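In: give me the fold of what follows.
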Amino acid sequence: MNEATASSSLPQGVTIEPRRMAFQAVEGKPRYWHPVVVFTHLLTAASLFFPEGERFFVRSVQNYAPGIADPDLRRDIAGFMQQEIIHGEEHERYNNDVAAQGYPYLIRLERYLVKGLFANMRRFTSRRAQLALTVCLEHVTATLAAALLKYPQLMEDADPVYREIWSWHAVEESEHKGVAYDVYAAVGGSYWLRVSTLVWSSLFFLSLVLFVTARMLATDGILFKRETWRQARAYARERTAIFKHVGGWFIEFFRRDFHPWQIDNRAEIDAWKRQQGVTAP
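Out: Next up is the predicted model:
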């Protein structure tokens with residue numbers, strides 16, 4: 001690692017602050033907390049990968065942390081790891097609650113499929129490749145986070161508690177979205193490893209999320225119901241412009257000079273803080 005190249009990209013006014021929000025209504029959540037059933041299950045399916053995924057991200061960055069000399073980037077890394085640990089804990093409770101509503105196989109999938117996947121990544125790939133995967137999946141989550149914060153209509157009429165949970169997670173994902181990328185740049189991570197990893201990982205994890213979503217819809221007995229997909233299509237059509245805009249953010253990653261903070265959502269982070277009365281220490 002060339003320590004001279006390692007530096008923090010955190011914009012002025014942004015802090016990476018771990019927050020324990022003490023959500024009170026994790027147990028007994030509505031079965032369909034989002035008015036669009038498919039969207040409820042899509043986010044639950046994504047959540048299934050978060051606890052173990054967040055731990056993988058922490059280890060991937062932690063592998064290189066001792067070689068980082070820049071004090072600002074070291075501070076960012078510490079905040080990143082603390083936020084991700086808390087996210088994993090919150091989503092573990094979230095996942096257990098959903099499983100208890102009649103989806104017990106989610107626990108088995110998380111225990112054997114998800115944990116096995118990330119364990120094999122650690123066992124059979126290099127530390128550089130693990131960091132590249134972290135950079136890519138952080139880009140996916142940061143893109144989704146920016147969408148949820150900029151376009152509240154995506155969660156319109158959703159249960160308020162779960163809208164708050166996802167907004168909190170989106171804010172913190174936004175705050176630390178540049179950290180893994182900065183570490184990757186510091187260790188000389190290549191452009192081609194970065195973009196090729198995004199392609200395969202996005203397709204792979206999207207396939208798994210869709211599989212879990214379909215399984216949950218089948219459990220509900222509505223996977224092949226016309227109304228299920230009519231509702232989802234109507235929701236997507238009304239938000240076509242939003243999805244195109246968000247898709248544009250996603251493909252920005254393929255630019256050689258890309259950096260996560262080129263998608264600047266500081267205004268949305270600040271708006272959430274003002275709404276919640278949450279300020280930096």
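In: check which helix or strand the spatially most central residue of the chain maps to.
Out: Centroid-nearest residue in the chain: T141, 3.1 Å away (criterion: Cα atoms, centre = their mean). Applying DSSP states H and E as the criterion places T141 in helix 127-150.
In: circling back: any idea how far A69 is from the residue nearest to the centre of the chain?
Out: Separation of T141 from A69 (Cβ to Cβ, to the nearest Å): 28 Å. For glycine as for every other residue, the C-beta is placed from the backbone atoms N, C-alpha and C.
In: what about this structure, any weak spots by pLDDT?
Out: Along the chain, the model assigns pLDDT under 70 to residues 1-6, 22-28, 278-281.
In: in it, which spans are helices?
Out: If DSSP state H is used as the criterion, the helices of the chain fall at 37-48, 50-62, 71-99, 105-108, 115-124, 127-150, 160-175, 179-186, 191-219, 226-238, 240-251, 266-276.
In: turn those into JSON lines, including distance to H259.
Out: Output for the helices of the chain, formatted as JSON lines (distance: least, Cβ to Cβ, whole Å):
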{"stretch": "helix 37-48", "distance to H259": "24"}
{"stretch": "helix 50-62", "distance to H259": "17"}
{"stretch": "helix 71-99", "distance to H259": "14"}
{"stretch": "helix 105-108", "distance to H259": "35"}
{"stretch": "helix 115-124", "distance to H259": "24"}
{"stretch": "helix 127-150", "distance to H259": "11"}
{"stretch": "helix 160-175", "distance to H259": "14"}
{"stretch": "helix 179-186", "distance to H259": "6"}
{"stretch": "helix 191-219", "distance to H259": "12"}
{"stretch": "helix 226-238", "distance to H259": "30"}
{"stretch": "helix 240-251", "distance to H259": "13"}
{"stretch": "helix 266-276", "distance to H259": "14"}
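In: I'd like to know which of these is closest to R20.
Out: Evaluated over those, closeness to R20 peaks at helix 71-99, with 6.1 Å, by Cβ to Cβ.
In: helices and strands around that closest one, which ones?
Out: helix 37-48, helix 50-62, helix 105-108, helix 160-175, helix 179-186 (3 or more Cβ pairs under 8 Å, 6 or more residues apart in numbering; DSSP states H and E).
In: name the stretch among the helices of the chain that sits most buried.
Out: Each of the helices of the chain was scored by mean neighbour count; the highest is helix 179-186, a mean of 24, by mean count of other Cβ atoms under 10 Å.
In: hmm, back to that, so which elements touch the helix holding T141?
Out: Under the contact definition 3+ Cβ pairs under 8 Å, 6+ apart, helix 127-150 sits against helix 50-62, helix 115-124, helix 160-175, helix 179-186, helix 191-219, helix 240-251, helix 266-276.
In: tabulate these (a markdown table), appending distance to E90.
Out: Output for the helices and strands packed on helix 127-150, formatted as a markdown table (distance: least, Cβ to Cβ, whole Å):
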| stretch | distance to E90 |
| --- | --- |
| helix 50-62 | 9 |
| helix 115-124 | 18 |
| helix 160-175 | 7 |
| helix 179-186 | 19 |
| helix 191-219 | 19 |
| helix 240-251 | 24 |
| helix 266-276 | 15 |
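In: if we can go back for a sec, can I get the helices and strands packed on helix 71-99 in a markdown table including distance to R74?
Out: Shown next, in a markdown table, are the helices and strands packed on helix 71-99 (distance: least, Cβ to Cβ, whole Å):
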| stretch | distance to R74 |
| --- | --- |
| helix 37-48 | 30 |
| helix 50-62 | 11 |
| helix 105-108 | 37 |
| helix 160-175 | 16 |
| helix 179-186 | 10 |
